[in-house]
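K.L.:
attaching a predicted model along with its sequence, questions to come.
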Amino acid sequence: MSEVRRAVCPGSYDPPTIGHLDVIARTAALFDEVFVAILVNPRKQGLFETGERIEMLREITTDLPQVRVEAFSGLVVDYCRERGVQALVKGLRGATDYDYELPMAHMNRHLTGVETMFLPGAPGQVYVSSSLVKEVARGGGDVTPFLPPTVHRRLAERLRD
């Protein structure tokens, strides 16, 4: 009997974008079980509460039965160890992301042996970040190409309030 292959896609997902969904779906094609892990950082105030981000991610991944969405705090390597995760999967938009992520990948491997896999961002999405989407939406710009429809609806409602 072969071992279940598990991966984690950690992030803040505030809000989840089409780029996030692309990385999650591609990871789900490679692994038996994928944890989408939302980092809870009490020092950072997000636009959406953690529970709202969990709901949005569950809504947009309903067609991916091997995906589980959870929140965590602390070190991602501890989260991985607790769930028997073999790999962290991170989407990269460019060289700046790589330069930021590579030292963490080395440290995570040193601490627990968990490997980090980098997936290049989808063409047409590599310049998109949650922060940029929020900034453009606040300014009245059209962000519909960058968000799943249910997420776009929630963002529009939030910014109206």
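P.N.:
Perfect, I can see it now. Residues are numbered from 1 along each chain as shown.

K.L.:
where does Arg68 fall, helix, sheet strand or coil?
P.N.:
Under the three-state scheme (DSSP: H, G, I helix; E, B strand; the rest coil), Arg68 adopts strand.

K.L.:
Met117 too?
P.N.:
strand.

K.L.:
quick one, strands of the protein?
P.N.:
Ranges of strands within the chain are 6-11, 33-39, 67-72, 87-92, 115-120, based on DSSP state E.

K.L.:
redo these as CSV? Include mean pLDDT.
P.N.:
Below are these laid out as CSV (pLDDT from 0 to 100):
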stretch, mean pLDDT
strand 6-11, 97
strand 33-39, 97
strand 67-72, 97
strand 87-92, 95
strand 115-120, 95
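
K.L.:
what's the closest of those strands to Ser130?
P.N.:
Ser130 lies closest to strand 6-11 among the strands of the chain, at 8.5 Å (CB to CB). For glycine as for every other residue, the C-beta is placed from the backbone atoms N, C-alpha and C.

K.L.:
select the longest helix from the protein.
P.N.:
Longest helix in the chain, counting residues (DSSP state H): helix 95-112.

K.L.:
residues in contact with that one?
P.N.:
75-77, 80-81, 88, 90-92, 114-116, 118 (CB atoms under 8 Å, 6 or more residues apart in numbering).

K.L.:
would you list the strands of the chain in a markdown table and tack on mean neighbour count?
P.N.:
Below are those laid out as a markdown table (neighbours: other CB atoms under 10 Å):
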| stretch | mean neighbour count |
| --- | --- |
| strand 6-11 | 22 |
| strand 33-39 | 23 |
| strand 67-72 | 18 |
| strand 87-92 | 22 |
| strand 115-120 | 15 |
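
K.L.:
turn those into a markdown table, including distance to Met56.
P.N.:
Below are the strands of the chain laid out as a markdown table (distance: least, CB to CB, whole Å):
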| stretch | distance to Met56 |
| --- | --- |
| strand 6-11 | 12 |
| strand 33-39 | 10 |
| strand 67-72 | 9 |
| strand 87-92 | 17 |
| strand 115-120 | 21 |
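
K.L.:
any idea which helix or strand in this protein has the lowest mean pLDDT?
P.N.:
In the chain, no helix or strand scores lower on mean pLDDT, DSSP states H and E than helix 95-112, which sits at a mean of 91.
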